[in-house]
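[1] Here's a sequence, model it:
(one chain, ligands or ions: 1)
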Amino acid sequence: MTNFKDKYDPWALITGVSSGIGAEFARQVAAQGLNLVLVARREARLRSLARALETAHPIHVKVLADGLHVELKPAGVDVSALTPGFTATDLAGDFDFSGSPIKPMRVEPVVQAASQELGRRSLVIPGWQNRFLYWMVKRVLPRPANTVFFGKIFGTC
Ligand SMILES: NC(=O)c1ccc[n+]([C@@H]2O[C@H](COP(=O)([O-])OP(=O)(O)OC[C@H]3O[C@@H](n4cnc5c(N)ncnc54)[C@H](OP(=O)(O)O)[C@@H]3O)[C@@H](O)[C@H]2O)c1
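    Numbering: from 1, shown residues only. Okay, the predicted model is just below:
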């Protein structure tokens, strides 16, 4: 994983941390020893994660339960968009992958790939399967064909 401690110390702001990809980001960044500002709406989950991270690591965690209030300023702030593809989180739990050739990625390598590329690429797509799908969707298949393609994969068409 990229050394965030050298690059971004002492604070990191992470949004969407009450579950899934954001929660894993919080765990991996906390393990590097950065203090955290955590953002999501479910305050009980946020406070419980904050407590767990402060217990496990010598860091301070602040919680913003109302969402982001301050716009990111370009100077000194690295921004990358993560297009995770299917990832094994609560969100992916809504889909049945049993009959699908596409399987969700584990959340840990998704976050590791995103961390590796933060500030280096404007768009991060973890895993060859997701990069292939992205290429198919963007460059090969027209929009109606995409609908049929994904519909067949998930058995909805
Ligand atoms: N998992 C996948 O397969 C997959 C695939 C493609 C794209 N994505 C995208 O990746 C992102 C993270 O996905 P995930 O799987 O980690 O989902 P998740 O487990 O449902 O987590 C979403 C997080 O965002 C927070 N959130 C939602 N609305 C918010 C708001 N208005 N203000 C502040 N926080 C908000 C949620 O917390 P609260 O409800 O507590 O606010 C939660 O912590 C999502 O944008 C999702 O669409 C995921």
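
[2] what's the neighbour count on the residue of the chain found nearest the ligand?
    Distance from the ligand to each residue of the chain (Cβ to the nearest ligand atom) is smallest for Gly20, at 2.1 Å. Heads up, the C-betas are built off the backbone N, CA and C, glycines and all. Applying other Cβ atoms under 10 Å, we find 20 residues neighbouring Gly20.

[3] wait, doesn't Ala40 sit right on Ile21?
    No: using Cβ atoms under 8 Å, Ala40 is not in contact with Ile21; the gap is 11.7 Å.

[4] circling back to that earlier point, the closest residue to the residue of the chain closest to the ligand other than its chain neighbours is in what secondary structure piece?
    Using Cβ to Cβ, 6 or more residues apart in numbering and skipping residues adjacent in sequence, the residue nearest Gly20 is Thr89, 3.2 Å away. Using DSSP states H and E, Thr89 sits in no helix or strand.

[5] Show me the shaky parts of this protein.
    Low-confidence segments of the chain (pLDDT under 70): 1, 64-77, 79, 92, 94, 153-157.

[6] just the helices in it please.
    4-8, 20-31, 43-56, 107-117, 128-135, 143-153 (DSSP state H).

[7] Let's have the ones you listed in CSV, adding distance to Pro101.
    Below are the helices of the chain laid out as CSV (distance: least, Cβ to Cβ, whole Å):
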stretch, distance to Pro101
helix 4-8, 35
helix 20-31, 23
helix 43-56, 33
helix 107-117, 19
helix 128-135, 9
helix 143-153, 7
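
[8] So which of the ones you listed is the most surrounded?
    Of these, the one with the most neighbours on average (mean count of other Cβ atoms under 10 Å) is helix 20-31, at a mean of 21.

[9] Which residues does that helix contact?
    1, 4, 12, 14-17, 36, 38, 40, 49, 53, 56-57, 59, 61, 82, 84, 87, 89-91, 107-108, 110-112, 114-115 (Cβ atoms under 8 Å, 6 or more residues apart in numbering).
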